[in-house]
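Engineer: Take a look and give me a structure for this.
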Amino acid sequence: MNGVIVVDIQGDFTQLMSGSLAVPGTGLDYLNKINKAIDRIRSLGIPLWASQDWHPANHISFFTNHPGKKAFDLINLQGKNQILWPPHCVQGTPGAELLIEPASFQAVIQKGRDYRFDSYSAFQDDGGQETELDGLLKKQGIRTLIIFGIATDYCVRFSALDGLARGYKIRVIKSLCRGVDPVTSAEALKEIESKGTVILEDLDEFLNAGSKV
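Structural biologist: Residues are numbered from 1 along each chain as shown. Just a heads-up that it's a prediction; the model follows:
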């Protein structure tokens, strides 16, 4: 059975809302494309889930919580490289809200709630704490996951990798993704493809193949 994960379509990641961490190419045209795709997926009876960054204000990934550091600095944190981001998607703020009607989804998976760990993946944070996503997907017998959203080189990438690690077939819709940087986005697509993800240009490529690609 097929399922869809729509990754982090939130105000702070979009140019449409002048977000604090706005990703290029995320204006009104992009949001319209996302909504059109979601409407089509729902009309076919394919279940959807959404991921949502949901950080406390003291989150460790915010440069403002590291005196003397600035946005996009790279530091070592608990033995891992950590990019320091501008504060974004802070719990309860307008920038953290989904730009897609939550009723479109089976559930909204909030991630990054623990201030100690970053969490790009919809499946788990950097500390290994699982979200409820895997359990929900398995409960509904989902075996193939179609993933798209923001950002190609971070949350889409890690969600795809963690989905593969849990035994799902992963399909990423390239035209419905937007990345922070063209170079790292291309590298991310190459990486997840090498691990077994099928990269599709658009949703039609999946649906017109009878969902068998």
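Engineer: can I assume Asp153 sits in a helix?
Structural biologist: Yes: remark: Asp153 belongs to a helix, assigned using DSSP: H, G, I helix; E, B strand; the rest coil.
Engineer: which residues touch it?
Structural biologist: Neighbouring residues of Asp153 by Cβ atoms under 8 Å, 6 or more residues apart in numbering: 179-181, 184-185, 187-188. (Glycine included, C-beta is placed from N, CA and C.)
Engineer: one more time with 7 Å, if that's ok
Structural biologist: Under the criterion of Cβ atoms under 7 Å, 6 or more residues apart in numbering, the neighbours of Asp153 are 179-181, 184-185, 188.
Engineer: where exactly do the helices run in the chain?
Structural biologist: Secondary structure of the chain by DSSP state H: the helices cover 28-43, 133-139, 157-165, 182-194, 203-207.
Engineer: What lies in contact with the longest one?
Structural biologist: Under the contact criterion Cβ under 7 Å, 6+ apart, helix 28-43 has outside partners 4, 6, 9, 16, 48, 99-100, 104, 176, 178, 203.
Engineer: Quick check: mean pLDDT of that helix?
Structural biologist: If you average the pLDDT over helix 28-43, you get 97.
Engineer: Pick out the most distant pair among the contacts of helix 28-43.
Structural biologist: Taking Cβ to Cβ as the measure, those reach their widest spread between Val4 and Leu16, a distance of 21.4 Å.
Engineer: Neighbour count: those two, which is higher?
Structural biologist: Val4 (26 against 16; other Cβ atoms under 10 Å).
Engineer: In this structure that one contacts Leu44, no?
Structural biologist: No: under the contact definition of Cβ atoms under 7 Å, Val4 does not touch Leu44, with a separation of 10.1 Å.
Engineer: Could you report the distance from the closest residue to Thr26 other than its chain neighbours to Gly135?
Structural biologist: In space, and not counting its chain neighbours, Thr26 is closest to Thr14: 4.0 Å by Cβ to Cβ, 6 or more residues apart in numbering. Counting by Cβ to Cβ, to the nearest Å, the gap between Thr14 and Gly135 amounts to 29 Å.
Engineer: Flag the shaky bits of the chain, pLDDT-wise.
Structural biologist: 210-213 (pLDDT under 70).
Engineer: cutoff 80 now
Structural biologist: 209-213 (pLDDT under 80).
Engineer: mind listing what the residue positioned nearest the centre of it touches?
Structural biologist: Within the chain, one residue has its C-alpha closest to the average C-alpha position: by Cα atoms, centre = their mean, that is Val7, at 3.1 Å. With contacts taken as Cβ under 7 Å, 6+ apart, Val7 has the following neighbours: 51, 122, 147-150, 155-156, 159.
Engineer: Out of those, name the ones that lie in strands.
Structural biologist: When DSSP state E is applied, the contacts of Val7 are split such that 51, 147-149 fall in strands.
Engineer: Please point out which parts of stretch 92-107 sit buried.
Structural biologist: Residues of stretch 92-107 classed as buried under the neighbour-count rule (16 or more other Cβ atoms under 10 Å) are 95-96, 98-100, 104-105.
Engineer: how long is that stretch from one end to the other?
Structural biologist: Stretch 92-107 has its terminal residues 18 Å apart, counting by Cα to Cα, to the nearest Å.
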